[in-house]
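# Just to be clear, the model below is a prediction. Sequence and coordinates:
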Amino acid sequence: KSTDFLSYHLRHSLRYFYTTSSEIPAFPEFVDMGMVNDQVISHYDSITKRKVPKQSWMETFFDQQYWDSTTENLKSAESIFKTNIQIAQKRFNQTGGIHISQDMYGCTWDDETGFTEGFHHIGYDGQDLLTFDVKTATWIALVPQALHSKMKWEMDLSGIKSKKSYLTQDCIEWLKKYLDYGKTTLQRTVPPSVSLLQKTPSSPVTCHATGFYPSGVMVFWQKDGQEQHEDVENGETLPNDDGTFQKSTHLTVTPEEWKNNKYQCVVQVTGIKEDFIKVLTEFEIQTNWGDPAPNCIPIIGGVVALLLVVVVVGVVIWKKKSKKGVRRERPLSIVICRIHCHLRHYQL
């Protein structure tokens, strides 16, 4: 197994994200979602105007006063971020249309090595605007339109000090508490169910792993014992509505090739030492050749609704980072300040 993969995916994460949008029909103008180890723990949007728990243990450990106070905090944030998206449009010389701004921060912790990492990123329409450098306690402007905000925020020395303290200390403390509160679900391991699927004899062969937890996974094809990169298309890791995950990878190969060579799909899941392997044979391929309905990869019902939020709010901004060849998690995140404190919201 890859050492880099294992060392990274042993990390726990506490992640929240804000998303503000304009002129997207039937979509909230403002959304806040909290996540621990890729499990949604809380949600707020500008339609319901209530922060609500999404895990039973969150209801158990936090009383109504907490949900009321954080709801009021997010109502304030909603107003600020709606203003921010208007400011961003002016700075980019835009006069309306569909736009999305993203404000994300959080932290990770490796319970084996003790390694911790905090981050805060801000983006607009899939473009990185600003990122907070924890080591130097400074904002880095990634485009000229963000320079004004960098200079404005760095003049607030108390705000800079508070942010660094939160990202390096408070966030980690709350992550550890959440892991303890929800340990029966957050620290479990569930093995995957692996299937080989094919729509027609000339279609790519899909290796589909589903039902696994946690989300750290590698799904790859091997040819005669060597990892196969050519003619392979990898899908994203997607959530199922039961709290588990799924991932697919597609191999374009002719029947002659896989009958004359040993092709197999290998699935590795964080925290599970066993590799799950499916050898490509006629017996293993599941298909409905000749059926009028296509052979669909089983995606559990609630995925579509969650993906709408996830895709819109977080994936695009880190596309450039994911293409650098390093297997790393996209930091789709914002974390609340202290549990009952006022979260500082930044106006551009």
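Right, received. Where do you want to start? Residues are numbered from 1 along each chain as shown.
# Show me the domain layout of the chain.
11-185+307-322, 193-302 (automatic domain parsing).
# rank those domains by pLDDT, which is bottom?
Lowest mean pLDDT within the domains of the chain: domain 193-302, a mean of 86.
# coming back round to it: can you list the domains of the chain in a markdown table and add distance to residue 346 and mean neighbour count?
C-betas here are computed from N, CA, C, even on glycine. Below are the domains of the chain laid out as a markdown table (distance: least, C-beta to C-beta, whole Å; neighbours: other C-beta atoms under 10 Å):
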| stretch | distance to residue 346 | mean neighbour count |
| --- | --- | --- |
| domain 11-185+307-322 | 6 | 17 |
| domain 193-302 | 29 | 16 |
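# What segments of the stretch 201-348 of the chain are helices?
255-260, 303-310, 319-322 (DSSP state H, counting those that start in this stretch).
# still on that earlier bit, switch the domains of the chain over to CSV; also include distance to residue 347.
Listed next are those as CSV, based on distance: least, C-beta to C-beta, whole Å:
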stretch, distance to residue 347
domain 11-185+307-322, 5
domain 193-302, 32
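# of all these, which lies closest to residue 348?
Nearest to residue 348 among the domains of the chain is domain 11-185+307-322; the distance by C-beta to C-beta comes to 4.4 Å.
# residue furthest from the geometric center of this protein?
The outermost residue of the chain, judged against the average C-alpha position, is residue 260 (39.4 Å), by C-alpha atoms, centre = their mean.
# and that one, how far is that from residue 168?
56 Å (C-beta to C-beta, to the nearest Å).
# got it, and residue 102?
22 Å.
# Please apply the same query to residue 270.
In terms of C-beta to C-beta, residue 270 sits 25 Å off from residue 168.
# Also residue 133?
Relative to residue 168, and taking C-beta to C-beta, residue 133 is found at 12 Å.
# try residue 83
Per C-beta to C-beta, residue 83 is found 29 Å from residue 168.
# Mind listing residues that contact stretch 56-65?
41-42, 53, 181-182, 184-185, 339 (C-beta atoms under 8 Å, 6 or more residues apart in numbering).
# okay, these in CSV with distance to residue 233 and secondary structure next?
Output for the contacts of stretch 56-65, formatted as CSV (distance: C-beta to C-beta, whole Å; DSSP: H, G, I helix; E, B strand; the rest coil):
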residue, distance to residue 233, secondary structure
41, 32, strand
42, 34, strand
53, 37, strand
181, 39, helix
182, 35, coil
184, 36, helix
185, 32, helix
339, 43, coil
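# Residue 75: which of those is nearest?
Using C-beta to C-beta, residue 42 is the member of the contacts of stretch 56-65 that lies nearest residue 75, at 14.7 Å.
# wait, isn't the closest one in contact with residue 36?
No - using C-beta atoms under 8 Å, residue 42 makes no contact with residue 36, being 9.6 Å away.
# Show me where the stretch 101-250 of the chain has its strands.
116-124, 127-133, 138-141, 193-197, 205-212, 217-223, 226-228, 232-234, 238-239, 245-251 (DSSP state E, counting those that start in this stretch).
# so which of the ones you listed gets nearest residue 286?
Comparing the strands of the stretch 101-250 of the chain under C-beta to C-beta, the one sitting nearest is strand 193-197, at 5.3 Å.
# Residue 83 and residue 215, how far apart?
From residue 83 to residue 215 the distance is 34 Å (C-beta to C-beta).
# try residue 58
For residue 58, the distance to residue 215 equals 19 Å [C-beta to C-beta].
# again, but for residue 128
From residue 128 across to residue 215, the span is 24 Å (C-beta to C-beta).
# what do you get for residue 101?
26 Å.
# cool, residue 203 as well?
Distance of residue 203 to residue 215, computed by C-beta to C-beta: 27 Å.
# Check residue 43 too.
18 Å.
# same deal with residue 22?
Distance, residue 22 to residue 215, using C-beta to C-beta: 31 Å.
# Given whichever strand or helix holds residue 20, what are its sheet partners and their directions?
In the assignment (DSSP states H and E), residue 20 maps to strand 11-22. Its sheet considered, strand 11-22 pairs with strand 30-36 (antiparallel), strand 99-110 (antiparallel) by DSSP bridges.
# Grab the CA positions of the first one and hand them over as PDB.
Read it as strand 30-36. Only the C-alpha atoms of strand 30-36 are listed here, as PDB (Å, rounded to 0.1, in the frame of the first residue of the first chain):
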ATOM      1  CA  PHE A  30     -26.400  31.000   1.600                       C
ATOM      2  CA  VAL A  31     -25.500  27.600   2.900                       C
ATOM      3  CA  ASP A  32     -23.500  26.500   5.900                       C
ATOM      4  CA  MET A  33     -22.500  22.800   6.300                       C
ATOM      5  CA  GLY A  34     -20.400  21.200   9.000                       C
ATOM      6  CA  MET A  35     -18.500  18.000   8.500                       C
ATOM      7  CA  VAL A  36     -16.400  15.700  10.700                       C
END
